[in-house]
Each structure stands twice: as C-alpha cells, then as structure tokens.
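Undergrad: fold the following, please.
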Amino acid sequence: MIPTRPQMWVGADTASLRDPQGAIHCIAFHDAAALRAGVATLAAEQSRWRAIDVVVSDAHCRYLVLPRIAGTQGRRELAEGIAARFAASFGDDAADWVLQHDASPLGTEDLVCGMRRTVVEAILGGLGDARRRAYRVQPLWVWCSQAPLGKPHAPHWLASSDGHTLTLGLFHQRRCVGVRATRLGTSGLAAALNREAALQAAHSAGTPVWLFGGVGTPARLADGSPVVTASLPLALVPGGVA
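TA: Okay, the predicted model is just below:
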C-alpha cells in the first residue's frame, strides 16, 4: 500500500506533522520565526515526500460572506473589491492577509477566508528551508467542509473546533450564507455553539449542526438543532489528541 501524503497541522501555538506511517511529531512556537524553524524541522524528517498537506487553525483565520457588488467585471475587480471590504469589515490592512474566495462568476455572494500572511509565509518559508513544498494550505473550517456529514444540499450548520477556536457557518442550497470564527471562552464549546447559532439568526430551529472536533458536546442545541459530530484526524488537534 502506498502511504498517504504527510499532513501538517498549524495550531494557535503548536504545529504537528503526521507522517505516512501514522507517527505524529510536534513543536511549539511563539512567533513567525519560531514557526518557520519548527516547520522546517518537522518537514525535514519526511525524506520520501516533497509535498506536504497543511491545515491551519482558524485562530489564524477570518471569514465573512459578502454580497456581490452589482456590475463587478472580471476577476481582478472582484479581488480588489473583496480586499477593500475585508479590510473595512475587520479594520485590518488586507495586505496582512492571504485572501481566498469561493465565488462563481455568476454568483451573488462571495465566501471569503483570510489567513494571516505572516503565518502562511512562515509555513511556506519553513517548507522551503527543508526543500519541501506545500501541496496545499487550507484553513481548518475549509478543510472540514470537504467531508459532509449529511445531505449537502439541505440546510445545515458546519462547525469546526480545535479546542481554541470555533468556526460556525450556515449553508442553504450548498451556499454559505453566514460564517464567523470566534475564540472559545471558559464557558465551553456547547455554550459557544448556542451563542453563535443565536447570533446568526437566518436559520430555522432544528437545522442540523455538523461539528468537527470538540469534546462533551450536547446532542442538541438550545433551539433543538441536532448535533452530528466527527473527530478530527489526530494530526489536526493540539497535542495530537482528538
């Protein structure tokens, strides 16, 4: 059997890599320089594989859904408009973020994700130092969206939690109509899920929640929405513990 590609997890302040044989190697970091050095150390241990799949904690990401501006023409104008509105929404310079957007040319909304540029550059720089490359670099919530836990066309919440950050998005007809990432507080994951679901009010009570990660979650939210859970792979959680 041919081993799967190595998978690297970059959390809020730790990074880990699961090699094709299933062993997990971990490092801690406190700034971009330490992250770059740690990524290089982890990647250098993988002599067989040149490309590594990287998943980034939503602690380093921001999300929003933007209505498409009427009359937008071409990908360049769309990207420039998204960058300006992202900056206005969060009060940050868009140049400090690597922006990705899932937009149909004929769509009416754009799902936007921003990853901190310092984090992405540290990851790519560390891989380069080890003479490796990124197969892809994805935020955790985006990574989870590729593994539906029910019927994708039916209304549902998509939630991901790595123990540090909760991201919760609402889908209708395969389109994300609202999403938010927030740091988990002392009240716990169940309280955070209920709070975020209440803040995003454009849903019907009983809308199922697809939750990736998290321990001790309730079977239902306060509004009756059923919670369907799935564990994260061991490499994608702090300390390698699901």
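Undergrad: how about the helix or strand of the chain with the lowest mean pLDDT as CSV, C-alpha atoms only?
TA: For the chain, using mean pLDDT, DSSP states H and E, the weakest element among its helices and strands is helix 189-199, scoring a mean of 80. Provided in CSV are the C-alpha atoms of helix 189-199 (Å, rounded to 0.1, in the frame of the first residue of the first chain):
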residue,chain,number,x,y,z
LEU,A,189,-18.0,24.6,23.4
ALA,A,190,-21.7,23.9,24.0
ALA,A,191,-22.3,27.4,25.2
ALA,A,192,-20.3,28.8,22.3
LEU,A,193,-22.3,26.8,19.8
ASN,A,194,-25.6,28.1,21.2
ARG,A,195,-24.3,31.7,21.3
GLU,A,196,-23.0,31.7,17.7
ALA,A,197,-26.2,30.0,16.4
ALA,A,198,-28.3,32.7,18.0
LEU,A,199,-26.2,35.4,16.5
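Undergrad: and the contacts of that helix?
TA: Contacts with helix 189-199, where a contact means C-beta atoms under 8 Å, 6 or more residues apart in numbering, come from 157, 159, 161, 166, 168, 180, 182, 184-185, 203, 209, 211, 214-218, 221-223, 225, 227. In this view, the C-beta of every residue, glycine as well, is placed from N, C-alpha and C.
Undergrad: which among those residues end up buried?
TA: Buried residues within the contacts of helix 189-199, counting neighbours by 16 or more other C-beta atoms under 10 Å: 157, 159, 161, 166, 168, 180, 184, 203, 209, 211, 214, 217, 221, 225, 227.
Undergrad: and those residues, which two are furthest apart?
TA: By the measure C-beta to C-beta, those have their two most distant members at L184 and H203, which lie 21.1 Å apart.
Undergrad: okay, the angle between the helix or strand harbouring G178 and helix 189-199?
TA: Assigned by DSSP states H and E, G178 belongs to strand 175-183. Angular relation of strand 175-183 and helix 189-199 on a 0 to 180 degree scale: 130 degrees, by axes from the mean of the first three to the mean of the last three C-alpha atoms, to 10 degrees.
Undergrad: from the contact counts, what lies against strand 175-183?
TA: The helices and strands touching strand 175-183, judged by 3 or more C-beta pairs under 8 Å, 6 or more residues apart in numbering; DSSP states H and E, are strand 61-67, strand 109-116, strand 165-172, helix 189-199.
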